[in-house]
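K.L.:
this one's structure only:
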């Protein structure tokens, strides 16, 4: 009789231990779900996307290296259907992913070619001489890339699918 009672207690300890683990896992899962949905409230639900018909072309680009300063002449044309508010104009070696931004994006693509208008409307041109300061000897072949940026509902939207590149020879 005592042996059966002892076996009954052992069996209850095993069951209560398993119930404890199940409750612990259920508590952890419910807390993680609660934190997930709480933090999801603080993230914006919709992110504006760049329209498909944003297109800039590099008509001409040149580079004049003067030692530690290079002058980059660039001519752009907006071939898309939307006004391009500004763009990141970068220069660097051909095989490099990261390049140096040489324009001031706060200027909003205002130049002599577009009568200093802010932004680049469709079929408008942008022409400017930009200064690229560098500390090392430049390789003769550089690559200029232009990445358009537009504003949708006062939010900047980078058009990474509309990046254009052109090789230039620095002389």
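P.N.:
Cool, got the structure. Please read all numbers here as calculations on a predicted model, not as lab measurements.

K.L.:
And what about residue 37, helix, strand or coil?
P.N.:
When classified by DSSP: H, G, I helix; E, B strand; the rest coil, residue 37 comes out as helix.

K.L.:
what about the helices in this protein?
P.N.:
Taking DSSP state H as the criterion, the chain contains helices spanning 2-40.

K.L.:
remind me which residues of it are low pLDDT?
P.N.:
For the chain, the stretches with pLDDT under 70 are 1-14.

K.L.:
what distance separates stretch 142-158 from the middle of the whole chain?
P.N.:
Mean-position distance between stretch 142-158 and its chain equals 9 Å (Cα atoms, centre = their mean, to the nearest Å).

K.L.:
cool, stretch 134-142 as well?
P.N.:
Distance of stretch 134-142 from its chain centroid, counting by Cα atoms, centre = their mean, is 26 Å.

K.L.:
Same question for stretch 150-160.
P.N.:
Distance of stretch 150-160 from the chain centroid (Cα atoms, centre = their mean) equals 11 Å.

K.L.:
Could you give me the buried positions within that stretch?
P.N.:
By 16 or more other Cβ atoms under 10 Å, the buried positions in stretch 150-160 come out as 150, 157, 159. No exception for glycine: its C-beta is placed from N, CA and C like everyone else's.

K.L.:
Also stretch 38-58?
P.N.:
50, 54, 55, 56, 58.

K.L.:
Same check on stretch 116-135?
P.N.:
Buried residues in stretch 116-135 (16+ other Cβ under 10 Å): 119, 120, 124, 126, 128, 130, 132.

K.L.:
From the opening residue of it to its closing one, how far?
P.N.:
Stretch 116-135 has its terminal residues 32 Å apart, counting by Cα to Cα, to the nearest Å.

K.L.:
hang on, the earlier thing: quick check, nearest of the buried residues of stretch 116-135 to residue 171?
P.N.:
residue 132 (13.7 Å; Cβ to Cβ).

K.L.:
partner residues bridging the closest one?
P.N.:
Beta-bridge partners for residue 132, by DSSP bridges, are residue 70.

K.L.:
Check the one 10 residues further on too.
P.N.:
Here residue 142 sits in beta bridges with residue 168, going by DSSP bridges.

K.L.:
now swap in the one 4 residues further on and tell me
P.N.:
Assessed by DSSP bridges, residue 146 has beta-bridge partners residue 89, residue 164.

K.L.:
Kindly report the same for residue 65.
P.N.:
residue 70.

K.L.:
That one and residue 169 touch, don't they?
P.N.:
No. Counting by Cβ atoms under 8 Å, residue 65 does not reach residue 169; the two are 9.7 Å apart.

K.L.:
Perfect, I'm done here.
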